[in-house]
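Colleague: When you get a sec, could you give me coordinates for this:
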Amino acid sequence: MKKLTVNILLVLISLFSLSIYAQEKKTLTPDDYDQWQSLRSAIISQNGIWTAYKIAVAEGNDTLFIVNTTTDSVYEEAFGTRLQFTADSKFATYLIGVSKKEQEKLTKAKKSVHYKLAILNLESGKKDIYPEVSAVTLPKEGSFLVFNMYKPKDSKAKGTDRVLYNLNDKSMRTLGNITSISFNKKGNLLAYITEPANAVGYGVEVIDLQKNTTRILASDTTSFSKLTWEKEGQSLAFFHLLKNKDYKEDTYEIIAYRNVSKNWNKEVFKPCQMEGFPEMMRVSNARIQWAEDMSSVFFGIQEQELSAKKKKEISKKKVGDTKEEVKGEKGEKGEEGE
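Modeller: So this is what the prediction gives:
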């Protein structure tokens, strides 16, 4: 009897569930599709207390949420994107865009969206906003960050202005015409490459953020590239462009500084001065890699082709040499006849 009662009860529950499902079922329309949401760009702070994510709406405005996992307090930012937590989990940085309608207007006008930077103090909730910022660079450690400013329309410089920002006191320092920038692991040294519009004054500099001093590592009329710290941030290497009109492609030398905490001794590798370097090969500026013990660096080489002008010169020389040989042979035959 009990078994029968249970079976009847299960049937009734099933029928009741089907009835509710039939009542709640709704036909979806294109308007409903426009409201579909998705969770994107989830990230967690290093101490695990804060998490952030973006809710994207198919045909609406995205919203950035920053949530405290211990207290459930939430910060919201409409049009927020590209959030990063600082190493100490005390701050969050992110960019603020515009609504989708505004984006459409800018697209029709053939203009791009210019973002603002928000630096949020997670403990106090205080937020500082800086306009015209395109990107942010945070070190793995330390209390500094760098943000990129948009390049003025009339600027001919290859680099852009960057702002070095101290999170502790909000002090700022502008660095001009920067093409590349890189913190070391501890975040106490900042290396950067300058590249002006007039091709004069290319350089590599390093700021000691603790001592507030700047050191010029290299300067020339040709460019530098690929700043590469070894994994502990104690040694730095980069490429320096070497031009040679005899070849189609440029080659490079490698400039390195080892154990910078002890000294700043400069070491230079020039392929043209190295005994045994393969002929008709050049140094490629694709990548630099430090050895584990910092005793050496690894890099790639590629084939090098002579320029059309140089090929022509060599061809002419060969023809000239051939003519001289023919003249010599005729002279020798004439002497034998006599």
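Colleague: Mind naming the longest strand for this structure?
Modeller: Looking only at the chain and at elements set by DSSP state E, the strand with the highest residue count is strand 172-183.
Colleague: Give the other helices and strands that that strand contacts.
Modeller: With contacts defined as 3 or more C-beta pairs under 8 Å, 6 or more residues apart in numbering; DSSP states H and E, the secondary structure elements packing on strand 172-183 are strand 144-149, strand 160-166, strand 189-194, strand 224-229. Glycine gets a C-beta too; all of them are placed from N, C-alpha and C.
Colleague: Show me what that strand is in contact with.
Modeller: Under the contact criterion C-beta atoms under 8 Å, 6 or more residues apart in numbering, strand 172-183 has outside partners 137, 139-140, 142, 144, 146, 157-166, 189-197, 223, 225-229, 233.
Colleague: Could I have the buried ones of those residues as PyMOL selection syntax?
Modeller: Entered in PyMOL, the line below selects the buried ones among the contacts of strand 172-183, by 16 or more other C-beta atoms under 10 Å:
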select buried, resi 137+139+142+144+146+157+158+159+160+161+162+163+164+165+189+190+191+192+193+194+195+223+225+226+227+228+229+233
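Colleague: how far does stretch 293-308 sit from the chain's center?
Modeller: On the basis of C-alpha atoms, centre = their mean, to the nearest Å, stretch 293-308 sits 23 Å off its chain's mean C-alpha point.
Colleague: Just the terminal-to-terminal distance for stretch 203-219.
Modeller: 4 Å (C-alpha to C-alpha, to the nearest Å).
Colleague: now do stretch 271-279
Modeller: When the termini of stretch 271-279 are compared using C-alpha to C-alpha, they are 10 Å apart.
Colleague: buried sites along that stretch?
Modeller: By neighbour count with 16+ other C-beta under 10 Å, stretch 271-279 contains the buried residues residue 271.
Colleague: Give the full set of residues in contact with residue 242.
Modeller: Contacts for residue 242 were tallied using C-beta under 8 Å, 6+ apart; they are 222, 250, 251, 252, 253, 270, 272.
Colleague: please redo it, this time with the cut-off set to 7 Å
Modeller: 250, 251, 252, 253 (C-beta atoms under 7 Å, 6 or more residues apart in numbering).
Colleague: before we move on, what about residue 150?
Modeller: The contact partners of residue 150, taken as C-beta under 7 Å, 6+ apart, are 114, 132, 134.
Colleague: By neighbour count, which of those wins?
Modeller: residue 134 (16 neighbours; other C-beta atoms under 10 Å).
Colleague: Can you say which helix or strand has it in it?
Modeller: When elements are assigned from DSSP states H and E, residue 134 belongs to strand 133-137.
Colleague: what's the angle between that strand and strand 160-166?
Modeller: Orientation of strand 133-137 against strand 160-166 (axes from the mean of the first three to the mean of the last three C-alpha atoms, to 10 degrees) gives an angle of 50 degrees.
Colleague: Quickly run through the sheet partners of strand 133-137, with directions.
Modeller: Paired neighbours of strand 133-137 in the sheet (DSSP bridges): strand 144-149 (antiparallel).
Colleague: now the strand it pairs with: mean pLDDT?
Modeller: Averaged across strand 144-149, pLDDT comes to 97.
Colleague: That strand vs strand 172-183, what angle?
Modeller: Counting by the same axes, to 10 degrees, strand 144-149 lies at 100 degrees to strand 172-183.
Colleague: Alpha carbons of strand 144-149, as CSV, please.
Modeller: What follows is the C-alpha trace of strand 144-149 in CSV, where atoms were taken according to Å, rounded to 0.1, in the frame of the first residue of the first chain:
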residue,chain,number,x,y,z
PHE,A,144,54.3,52.3,-9.7
LEU,A,145,52.5,52.0,-13.0
VAL,A,146,52.8,53.5,-16.4
PHE,A,147,49.9,54.7,-18.6
ASN,A,148,50.0,55.6,-22.3
MET,A,149,48.6,58.8,-23.6
